[in-house]
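Asker: Task: produce atomic coordinates for the following.
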Amino acid sequence: MSERHVCASDPLRSRGRQHPEKRGDPRGPRTAFQRDRDRIIHSVGFRRLRHKTQVFVAPDGDHFRVRLTHSIEVAQIGRTIARALGLDEDLTEALCLAHDLGHPPFGHAGEDALKAAMANAGGFDHNGHTLRILTALETPYPCWNGLNLCWETLEGLAKHNGPVTASGWAMIAADQGFPLDLCSHASLEAQVAAVADDIAYDNHDIDDGLRAGLIDFDALLSVPMVARGWDSVCARYTDVDPPRLRSELVRQQIGLMVNDVIETTRANLKAAAVETVEGVRAAGITLAGFSPGMAADEEQLKRFMYAKLYHHPRQLTAAGAARQIVSGLFAAYQSDVQNLPEEWRITIPSEEPARARHIADFIAGMTDRYAIARYRDCVGEIDLPEGF
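Answerer: Numbering: from 1, shown residues only. Coordinates of the predicted model:
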């Protein structure tokens, strides 16, 4: 393990938790950030990620990634970077594992439908909903709502993509309960979690897209970074059948991006002369990330993936069905609360916008398959495209 960096978050200097907790509980010798990671892993919201869309909606193939496996892969990459930089690995892992908890069923298609349905009630965004889950909706403890995570964990989840300049209602509510200094940058651990997310989905979506037959490999080689990597892999393994080398291409690309982040972040910290955790927050710039060259390469790859995978006709057809399911459920619950399960029905507020937000909370927590089943119960049959 690398020597602890002066800018690493220190669990012994945490700003604490919103609700004081008794010390000495017989729950093992863990730091505050280790406890946060474990609380996330044991949460209901984390378990639900195993049946939530990553790229493919309600995938019927056992080998495609879902939100859960994606989050685990992000955590592996994040820990690797954090260890090399001497940052707190446990905080980094907690942020990586929890960063997608707020996604509704069917990924971005489901989010778009909820956002439209909630237009008169403050809207919906998955990042704000992540904070809502962790501070209000999860209820495993007897004396408070939420998981009562450390300030640094909640701050990192709120700001891992940078300062929050336009807060939605869910983020505002979390911030009012436990102010998170939304206008500053987050810790290095949060910045690492954000770039680890990019590295994971940039590369693993290639793997899934090829497996599904939606990406043509020859077309993929039009991306300069991928073409350079393929030439390198083929030169090293001259006697191996090329199709078998595709996984090696993805692994190599992940390694190159990880190394770039480590080297660039070290250089950025030196150039900015930042020597404290608070200095990172006050720096006014993101310090952990890609070099300009790698950032340009990654942007080219993203453009290809949007054109060839995320906006593939099959994907758009599936997204349309997903939006129909989410919007149909929202309308059904608004028109007749008897459609809601008893525990949600008896607690529904009578006034707006709280009533609509209560319904959105229920829908956002659904897995893909549960949402499909509830739609068929409350609305009617739906003709789902192939792959659902």
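Asker: Compute the number of surrounding residues for the spatially closest residue to residue 286 that is not a sequence neighbour.
Answerer: By the measure of Cβ to Cβ, 6 or more residues apart in numbering, the closest residue to residue 286 outside its immediate chain neighbours is residue 191, 5.8 Å from it. Placement of C-beta: from N, CA and C, glycine included. Using other Cβ atoms under 10 Å, residue 191 has 28 other residues around it.
Asker: Please tell me how far residue 191 sits from residue 95.
Answerer: Distance, residue 191 to residue 95, by Cβ to Cβ, to the nearest Å: 10 Å.
Asker: and for the two, which residues touch both?
Answerer: residue 160 (Cβ atoms under 8 Å, 6 or more residues apart in numbering).
Asker: Mind checking which residue lies nearest the centre of this structure?
Answerer: Centroid-nearest residue in the chain: residue 100, 2.8 Å away (criterion: Cα atoms, centre = their mean).
Asker: how close does residue 229 sit to residue 203?
Answerer: With distances taken as Cβ to Cβ, residue 229 is found 10 Å from residue 203.
Asker: can I assume the residue nearest to residue 286 is in contact with residue 290?
Answerer: No. Assessed by Cβ atoms under 8 Å, residue 191 is found out of contact with residue 290, at 11.5 Å.
Asker: follow-up on the earlier one: what's the residue nearest to residue 286 in contact with, if anything?
Answerer: Contact analysis of residue 191 by Cβ under 8 Å, 6+ apart lists 160, 185, 286-289.
Asker: Tell me which two in these are the farthest apart.
Answerer: With Cβ to Cβ as the measure, no two of those lie farther apart than 160 and 287, at 13.1 Å.
Asker: who's more crowded, the two?
Answerer: More crowded of residue 160 and residue 287, by other Cβ under 10 Å: residue 160, with 25 against 21.
Asker: hey, what's in contact with both of residue 229 and residue 203?
Answerer: Both residue 229 and residue 203 are in contact with residue 253, where contact means Cβ under 8 Å, 6+ apart.
Asker: picking that back up, so what's the residue nearest to the centre of the chain up against?
Answerer: Residue 100 is in contact with 49, 67, 70-71, 126, 130, counting by Cβ under 8 Å, 6+ apart.
Asker: Looking at the residues you listed, which one is closest to residue 4?
Answerer: Checking the contacts of residue 100 against residue 4 with Cβ to Cβ, the nearest one is residue 71 at 25.6 Å.
Asker: Please identify the helix or strand for the closest one.
Answerer: In this structure, residue 71 is located in helix 67-85 according to DSSP states H and E.
Asker: send the alpha carbons of whichever helix or strand comes after that helix over as PDB?
Answerer: Following helix 67-85 in sequence order, the next helix or strand is helix 89-98 (DSSP H and E). Output in PDB follows, covering the C-alpha atoms of helix 89-98 (Å, rounded to 0.1, in the frame of the first residue of the first chain):
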ATOM      1  CA  GLU A  89      -9.700   3.100   0.100                       C
ATOM      2  CA  ASP A  90     -12.700   2.400   2.200                       C
ATOM      3  CA  LEU A  91     -14.300   5.800   1.500                       C
ATOM      4  CA  THR A  92     -13.500   5.400  -2.200                       C
ATOM      5  CA  GLU A  93     -15.100   2.000  -2.200                       C
ATOM      6  CA  ALA A  94     -18.200   3.200  -0.300                       C
ATOM      7  CA  LEU A  95     -18.700   6.000  -2.900                       C
ATOM      8  CA  CYS A  96     -18.200   3.600  -5.800                       C
ATOM      9  CA  LEU A  97     -20.700   1.100  -4.500                       C
ATOM     10  CA  ALA A  98     -23.400   3.600  -3.700                       C
END
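Asker: relative to helix 67-85, how tilted is helix 89-98?
Answerer: 160 degrees (axes from the mean of the first three to the mean of the last three Cα atoms, to 10 degrees).
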